[in-house]
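Chemist: One predicted model, sequence on top.
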Amino acid sequence: MNFLFPLFAVLIWSVNAIVSKMSAGAIDPAAISFYRWLLALLALTPFVLPSAWRNRRQIAQVWWKLLILGLLGMVLYQSLAYYAAHSVTALFMGILNALIPLLTVLISIVVLRVAPTLGILIGSILSFGGLVWLVSQGNPHALLTHGLGKGELMMFAASTSYALYGVLTKRWAIQLPNWQSLYMQILFGVALLTPNFLMASDVSLTLHNIPLVLFAGIFASIIAPFLWIQGVMRIGASTTSIFMNLAPIFTAIIAVLFLHESLRSYHYIGGGVTLLGVILAQRLRTPLRLRKRTIPPTSEADSGA
């Protein structure tokens with residue numbers, strides 16, 4: 001039954017993609033970004049602040065790393081997704097989120113010096129082709145003519161930001177308990193989100209948008225990470241990561257059922273090829289090594305000795 005922990009975490013995050021789309025007409029992106037993480041911060045404070053305060057000297061030594069992680073994971077990733085939701089579908093958002101594992105691997109090659117594999121090479125080519133087919137709605141020539149839209153670029157930047165967040169989290173390996181690290185990242189995230197929130201024209205909460213804020217702030221920001229951490233502890237990080245491949249499938253089903261978005265052939269083809277590329281990059285681990293030419297040893301006569 002341990003597999004239920006990552007399964008439900010992915011399901012919650014998939015629903016959150018739908019919530020992000022629903023928020024487009026209900027609340028300003030700056031407002032829901034701020035309220036979401038403020039709510040999460042307030043909910044965690046009674047449980048985490050006392051231990052974080054006792055650990056304040058250690059936190060002070062790595063505060064700038066926590067600030068950068070808060071910027072990438074809490075500010076850029078979700079804020080860009082909220083803005084992108086005004087012009088892209090929840091289906092597209094789900095498929096772009098599915099690219100995060102592949103982007104993480106690609107960034108790891110540069111930042112962590114991870115050796116490239118055959119799976120990364122083939123997977124990158126497939127995912128790129130699938131993404132082009134998806135964004136162009138099955139007409140790549142139109143993409144060359146008109147280029148990417150603002151929403152597509154924002155969603156790709158959001159996924160890249162979260163991938164970099166994951167890579168830096170691994171590289172820095174901050175020696176803090178998980179919840180203290182998350183709490184401080186959220187605290188910095190709220191601080192960074194405040195100026196944009198104060199400049200927004202309408203940040204009012206209504207009966208229509210409060211449920212969206214509650215879901216994003218409690219379920220997607222606290223409960224889902226808790227379930228994911230439990231999954232990592234119980235079945236291992238590599239096994240748990242496989243469940244992220246279900247996110248675009250869950251998102252597509254929910255988007256069709258509740259948002260009445262239409263599944264077109266380019267969704268099946270582009271999304272399927274993109275997901276196949278991600279899976280290959282994760283699973284096909286044959287190293288890419290150039291064969292060295294073996295030069296037969298020369299005799300002393302040949303060498304002129």
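Modeler: Sure thing, it's come through. Numbers count the residues shown, from 1 in each chain.
Chemist: contacting residues for L91?
Modeler: T251, A252, A255, E261, L263, H267, G271 (CB atoms under 8 Å, 6 or more residues apart in numbering). (Each C-beta comes from the backbone N, C-alpha and C, glycine too.)
Chemist: Show me the two of these that sit farthest apart.
Modeler: Largest separation among the contacts of L91 by CB to CB: E261 and G271, giving 12.6 Å.
Chemist: Can you give me the buried ones in the top helix by length along the chain?
Modeler: In the chain, with assignment by DSSP state H, the single longest helix is helix 29-54. By neighbour count on 16 or more other CB atoms under 10 Å, the buried set for helix 29-54 is 29-41, 44, 48, 52.
Chemist: If we only consider the residues you listed, which is nearest to S23?
Modeler: Of the buried residues of helix 29-54, the one sitting nearest to S23 (CB to CB) turns out to be I32, at 5.1 Å.
Chemist: what about the protein, any weak spots by pLDDT?
Modeler: Applying pLDDT under 70 to the chain flags the ranges 137, 142-148, 238, 289-305.
Chemist: Work out which residue lies at the spatial centre of it.
Modeler: Ranked by distance to the mean C-alpha position of the chain (CA atoms, centre = their mean), the top residue is Y162 at 4.3 Å.
Chemist: any residues touching the strand or helix carrying P248, and which ones?
Modeler: According to DSSP states H and E, P248 maps onto helix 247-258. Contacting residues not belonging to helix 247-258 are listed as 10-11, 13-15, 17-18, 21, 89-91, 93-95, 97-98, 261-263, 267, 271, 275 [CB under 8 Å, 6+ apart].
Chemist: Give the full set of residues in contact with S159.
Modeler: Going by CB under 8 Å, 6+ apart, the list of residues near S159 reads Y77, L96, N97, L99, I100, L103.
Chemist: among the residues you listed, which two are most distant?
Modeler: Y77 and L99 (12.8 Å).
Chemist: out of those two, which sits in the more crowded spot?
Modeler: L99 (25 against 22; other CB atoms under 10 Å).
Chemist: which residue packs closest to the more buried one, ignoring adjacent ones?
Modeler: Nearest residue to L99, sequence neighbours excluded (CB to CB, 6 or more residues apart in numbering): S159, at 5.3 Å.
Chemist: Look up how far A84 lies from the one you found.
Modeler: As judged by CB to CB, to the nearest Å, S159 and A84 stand 10 Å apart.
Chemist: where do the contact lists of the two overlap?
Modeler: Counting by CB under 8 Å, 6+ apart, nothing touches both S159 and A84.
Chemist: related to what we said a few turns ago, quick check: next helix or strand after the helix holding P248?
Modeler: Helix 247-258 is succeeded, C-terminally, by helix 265-283 (DSSP H and E).
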